[in-house]
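In: sequence isn't available, so here's the structure alone:
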């Protein structure tokens, strides 16, 4: 697929870009309006609710998995990672209680054993366990995908494997 960039930056391109942005905003607002949200029992953290809980998952007798999503605001990939997590949960039909934690200080990173943003823990286990000598710090995280590529986001398969492993425990 050929990219449309670079293109001349004249007024017609600017108008087309503004029109696209407006259309994306309208479509996004429409999709959000029809997405069902449930609230964590503590009333703090919204989480996606999917009534099609997949019978192949069993988390210690529960049908809901506990997920901790840790991030640092300075790393730009955390929003896309959270979106990917929600997508995989929906595809797998898994209900989850997602606790979202913003890691803001070095002391908090040490206490939470935070190796970088974003970090996803399924039932307390990192979806991509870091080496034992990995430092705890306010940094962006890099994931190595199954095909050897590096990415600031975990692959969908990493998340699926973590869900299945938690279900098998």
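Out: Ah, there it is. Remember, predicted model here, so these are calculated numbers, not experimental data. Residues are numbered from 1 along each chain as shown.

In: please make it C-alpha for all contacts and neighbour counts, starting now.
Out: Will do.

In: show me the shaky parts of the chain.
Out: Where the chain drops to pLDDT under 70, the residues are 1-63, 169.

In: which stretches in the chain count as helices?
Out: Per DSSP state H, the chain carries helices over the ranges 11-33, 78-92, 106-112, 156-168.

In: contact partners for residue 114?
Out: 70, 136, 137, 138 (CA atoms under 8 Å, 6 or more residues apart in numbering).

In: do residue 126 as well
Out: So residue 126 contacts 119, 120, 162 (CA under 8 Å, 6+ apart).

In: repeat that for 10 Å
Out: Going by CA atoms under 10 Å, 6 or more residues apart in numbering, residue 126 touches 67, 68, 69, 119, 120, 159, 162.

In: and residue 88, by the same measure?
Out: 94, 155, 156, 157, 159, 160, 163.

In: from residue 155, how far out is it?
Out: 10 Å (CA to CA, to the nearest Å).

In: what's the closest non-adjacent residue to residue 110?
Out: residue 136 (5.4 Å; CA to CA, 6 or more residues apart in numbering).

In: now for the contacts of residue 88, which pair is the farthest apart?
Out: The two members of these with the most space between them (CA to CA) are 94 and 155, at 17.2 Å.

In: between these two, who's got more neighbours?
Out: Using other CA atoms under 10 Å as the criterion, residue 94 and residue 155 rank with residue 94 on top: 24 against 18.

In: how far does stretch 125-145 stretch from one end to the other?
Out: First-to-last distance for stretch 125-145 - CA to CA - comes to 18 Å.

In: flag every buried residue along that stretch.
Out: Under the neighbour-count criterion of 16 or more other CA atoms under 10 Å, stretch 125-145 has 126, 127, 128, 136, 137, 138, 139, 140, 141, 142, 143, 145 buried.

In: run a quick neighbour tally on residue 105.
Out: Residue 105, neighbours per other CA under 10 Å, totals 12.

In: tell me how far it lies from residue 155.
Out: In terms of CA to CA, residue 105 sits 27 Å off from residue 155.

In: and what of residue 118?
Out: 12 Å.

In: give me the common contacts of these two.
Out: 81, 143.

In: ok so, going back, for the contacts of residue 126, which one is nearest residue 132?
Out: Nearest to residue 132 among the contacts of residue 126: residue 119, at 15.4 Å, using CA to CA.

In: isn't residue 113 up against residue 135?
Out: Yes: look at residue 113 against residue 135 with CA atoms under 10 Å: they come within range, at 8.5 Å.
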